[in-house]
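In: Quick one: sequence and predicted model below, then my questions.
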Amino acid sequence: MHLEYGSVGKGLCTALLTLLPVAAIAAPSFTPAKSLASGHWAEHSEDLCSVAKETLSYLQQGHAYDPAAIHGGKLSQITVPQARIESTLAFVCQVVQEDRQAGRASRLADPAFIQKSFELVQWSPDRARAASLSEGKPLLQNIPQDKLLLTKYYVRMAEGSDTKTADKPHALYGLPYDETDLTLDEADSLPGLTRARLGKQAVLAGALETEPALAPPLIWLSRADLEGALLQGTAVLEQNGKRRYFNVHRNNGIAYDRTRKPEEQERYWYFKEVPGVLGYGRDADYKIPVKPRVTVAGDIFQLGLGRLILLETTESGQTTYRLTVLADTGGAFADNLYQLDWLSGYYRDWDHYHANNRHISDYARTWLLLKKE
């Protein structure tokens, strides 16, 4: 999964910065917290452990493997030794295993256990950054002082064809043939490769459909399903009673432009067929397997990959708590400390998604959790 856009739209705002009172345009803050309000705790501890375990495995490749993501945080307020993030993830699975063996309810859904076992740091949003991007976006304009914007992304269920058809004229392409045998570092050192030369609009116009073809079409989709796959980073197809998963592999190096609609972007992703839903990874050869309801995407470059995050939302009028792992990111999260994106489930389209998520609030009180030493 590699969120490019989320559900907050496009645009820049300069006037709003001068119209809002100074107190309303606040930098992000991280404040130690000791108590939580009462509420319902969603219990998905087995899936949470699965994502924690896979993320821990990625982190244990070491800082040198992926210095942009594997670190203890770049902000002085929350910088910790990388080992503390790793030990927190390991502790999550330890608790799940102990609870399973004891045949008891999950302690990870017990607020008393959470407050006893973890240090909680409440995260307040970067409202100044949000304001600078808020023209035409009410959700950004109205971010509370003590809650993050919580968008929701999902695994796109698409309809595909093995051949190009009138209603499915757009391919998910695998890597162009001129770099199929190159590592990411090798390919990035050769700017003349196909991937670096073509923007999205050229690809949509058929630039890869030459004789011979420049890249392999993995599956053919409608324009709507193609845009959904590029936006969400994953497409899942049901074919002959089996699911096929496609995940982003490498992009063309053009930055995602939040001032333009998704359909107008020049950033373009090439895909790879994979065995399941994947989150962050510096290359498609090694990405973190993730699961819905316990995964969030965010600014891992400032926070550090693998943070255990507690969300407090309002769902059908009820305060609800969810433990999640920061195991994904995307172009929309560059310098973004006002938002998280929650992996909500498997849906066919936005209507299907909205029908299942409209009861969940757009903002969430948020805490970073670390196992107490």
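Out: Happy to help now that I have it. Numbers count the residues shown, from 1 in each chain.
In: Would you check that K147 makes contact with Y363?
Out: Yes: in this structure, K147 is within contact of Y363 by Cβ atoms under 8 Å, at 4.0 Å. In this view, the C-beta of every residue, glycine as well, is placed from N, C-alpha and C.
In: Who has more neighbours out of these two?
Out: More neighbours surround K147 than the other of K147 and Y363, with 22 against 19 (other Cβ atoms under 10 Å).
In: Now for the residue lying closest to L278 once chain neighbours are set aside: which residues touch it?
Out: Leaving aside its sequence neighbours, L278 sits nearest to K287 (Cβ to Cβ, 6 or more residues apart in numbering; 3.9 Å). When contacts are counted by Cβ atoms under 8 Å, 6 or more residues apart in numbering, K287 touches N247, V274, L278, G279, Y280, G281.
In: so of these, which ones are in helices?
Out: Nothing among the contacts of K287 maps onto helices, per DSSP state H.
In: just for this structure, where's the confidence low?
Out: 1-25, 284 (pLDDT under 70).
In: Spatially central residue for it, please.
Out: Centrality entry for the chain: nearest residue to the mean C-alpha point is A297, 2.7 Å, by Cα atoms, centre = their mean.
In: Tell me what that residue is bridged to.
Out: D328, D341 (DSSP bridges).
In: my read: it touches D341, true?
Out: Yes: if you go by Cβ under 8 Å, A297 and D341 touch, sitting 4.2 Å apart.
In: okay, and the common contacts of the two?
Out: L3, Y153, D328, G330, F333.
In: thinking the fourth one is in contact with G233, fair?
Out: Yes: under the criterion of Cβ under 8 Å, G330 is in contact with G233, at a separation of 6.8 Å.
In: For these two, work out which one has more neighbours and name it.
Out: Per other Cβ under 10 Å, whichever of G330 and G233 has more neighbours is G233, with 28 against 25.
In: pretty sure the more buried one is touching H249, no?
Out: No: counting by Cβ under 8 Å, G233 stays clear of H249, with 10.3 Å between them.
In: Find residues that contact each of the two.
Out: Going by Cβ under 8 Å, 6+ apart, residues that sit against G233 and also against H249 are W269.
In: And the helices in this structure?
Out: Under DSSP H, the chain gives helices at 15-19, 45-59, 82-102, 111-117, 127-132, 138-141, 184-188, 194-197, 200-204, 223-232, 300-303, 350-357.
In: Neighbours of D99, how many?
Out: When counting by other Cβ under 10 Å, one arrives at 18 neighbours for D99.
In: wouldn't it be in contact with F113 here?
Out: No: the pair D99 / F113 is not scored as a contact, 10.0 Å apart, by Cβ under 8 Å.
In: anything in contact with each of these two?
Out: R107.
In: need the contact list for Y58.
Out: D66, I70, Y280, G281, Y286, I288, L305, G306.
In: Next: G174.
Out: Taking Cβ under 8 Å, 6+ apart, we find G174 in contact with T180, A215, P216, P217, L218, H249, Y270, F271, K272, E273.
In: Any chance of a PyMOL selection covering the buried ones in those residues?
Out: A single PyMOL command selects the buried members of the contacts of G174 (16 or more other Cβ atoms under 10 Å):
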select buried, resi 215+217+218+249+270+271+272+273
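In: any idea how far the closest residue in space to A130 that isn't next to it in sequence lies from A332?
Out: With Cβ to Cβ, 6+ apart as the criterion, A130 has its nearest non-adjacent residue at 4.2 Å, and that residue is Y338. Here the criterion is Cβ to Cβ, to the nearest Å. By it, Y338 lies 11 Å from A332.
In: got it, and W269?
Out: 14 Å.
In: And those two? Which one has more around it.
Out: Ranked by neighbour count (other Cβ under 10 Å), W269 and A332 place A332 first, with 24 against 21.
In: wouldn't that one be in contact with Y256 here?
Out: Yes: if you go by Cβ under 8 Å, A332 and Y256 touch, sitting 6.7 Å apart.
In: so where do the strands sit in this protein?
Out: Assigned by DSSP state E, the chain shows strands spanning 29-33, 40-41, 118-124, 148-158, 170-173, 217-221, 234-239, 242-251, 269-274, 295-297, 308-315, 318-328, 339-347, 363-371.
In: Using TSV, lay out these together with distance to D188.
Out: Output for these, formatted as TSV (distance: least, Cβ to Cβ, whole Å):
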stretch	distance to D188
strand 29-33	34
strand 40-41	44
strand 118-124	33
strand 148-158	26
strand 170-173	18
strand 217-221	22
strand 234-239	23
strand 242-251	9
strand 269-274	13
strand 295-297	23
strand 308-315	31
strand 318-328	22
strand 339-347	26
strand 363-371	32
